[in-house]
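**Q** Just need the structure, nothing else, for what follows:
(chains A and B)
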Amino acid sequence: MEFILIVGIIVAASLIYIGSIYANQTTEIPESCKQAYLDAQNCSGCSGSGSCLTRALESIKEIKL
Amino acid sequence: MDLVLLLISSMIINNIILMQFLGLCSFFGVSTKVKTALGMGAAVIVVIVIATAITYPLYHLVLVKYNIQYIDTIAFILVIASIVQLIELVIKKFSQPLYKALGVYLPLITTNCAVLGVALKVVATPQSFPHALVYALGTAMGFAFMIIIFSTIRIRLETASVPKAFKGLPIAFITTSLMSMAFLGLAGLI
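**A** Numbering: from 1, shown residues only, chains lettered A, B, ... in the order given. Next up, the predicted model:
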């Protein structure tokens, strides 16, 4: 019973998550917000395209090549 | 009075960035400009409060009731990620000015450990629902407060004479550690 409940909760939450992602991706970003959206995604943290880690990995790749 | 003390304590004395070291990725990543720091701060406040308002009843009414509290982390991750997506969707659809101001930062919050950290901490300590909400609001305001202050400091750091090896993130980390030590002086006040 407990196992079924756990699986049920996780599956339900996963389905809501997948559904919300799908709905979000199919909804167009308003034209007037596109520039603001691109500016905001320019995060220089761990996953940002301009981060130290990414640059270091790119330079490692270049050295290997 | 109790709630006011809780708000001040969670906002300044037990600041989520400087005392608990949560949400540092977005703190360093989005604090390069004051405008983006303001947007990120506002988005974090909205998401943390809504996430706590949903995860607290979920924990006590479902997980505790059926004695399956140990899946709280995985359940909260999925719930928070869904909440962020749904908030972004609703704002995108119905309010363009709001989306421009804070909606664009929501994708960065999906993986922000500060949101998950608050949700887990709220249920780990026995407290009522209003207390949990005030704690979440105070913590989120503390995040916003710090990221805005730090963005103004980083503007000065850009033009400061810093050795080449320390430019960028290294000096930002050192500055934050100094701020953290300063805030340590407030520990135990409330």
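
**Q** Now for whichever residue of chain B sits closest to chain A, how many residues are close by?
**A** Proximity of chain B to chain A (Cβ to the nearest Cβ) peaks at B:G29, 2.6 Å away. Using the backbone N, CA and C atoms, a C-beta is placed for each residue, glycine as well. Close neighbours of B:G29, defined as other Cβ atoms under 10 Å in any protein chain shown, add up to 21.

**Q** these two touch, right, it and B:L108?
**A** Yes: between B:G29 and B:L108 there is a contact under Cβ atoms under 8 Å: 7.4 Å.

**Q** For B:V123, give me its contacts.
**A** Residues in contact with B:V123 (Cβ atoms under 8 Å, 6 or more residues apart in numbering or on different chains) are B:55-56, B:59-60, B:72, B:132.

**Q** and the gap between it and A:N24?
**A** 27 Å (Cβ to Cβ, to the nearest Å).

**Q** Most neighbours out of the contacts of B:V123, which is it?
**A** If you count neighbours using other Cβ under 10 Å, the busiest of those is B:T55, which has 26 neighbours.

**Q** pLDDT score for that residue?
**A** As predicted, B:T55 sits at a pLDDT of 93.

**Q** Also B:L106?
**A** 82.

**Q** Just the helices from chain A, written as ranges.
**A** A:2-26, A:34-40, A:52-64 (DSSP state H).

**Q** Just the residues contacting the helix or strand hosting B:A75, thanks.
**A** Following DSSP states H and E, one finds B:A75 within helix B:72-94. Here helix B:72-94 makes contact (Cβ under 8 Å, 6+ apart) with A:9-10, A:13-14, A:16-17, A:20-21, A:23-24, A:27, A:29-30, A:33, B:46-47, B:50-51, B:54-55, B:58-59, B:63, B:98-99, B:102-103, B:106-107, B:109-110, B:115-116, B:119-120, B:123.
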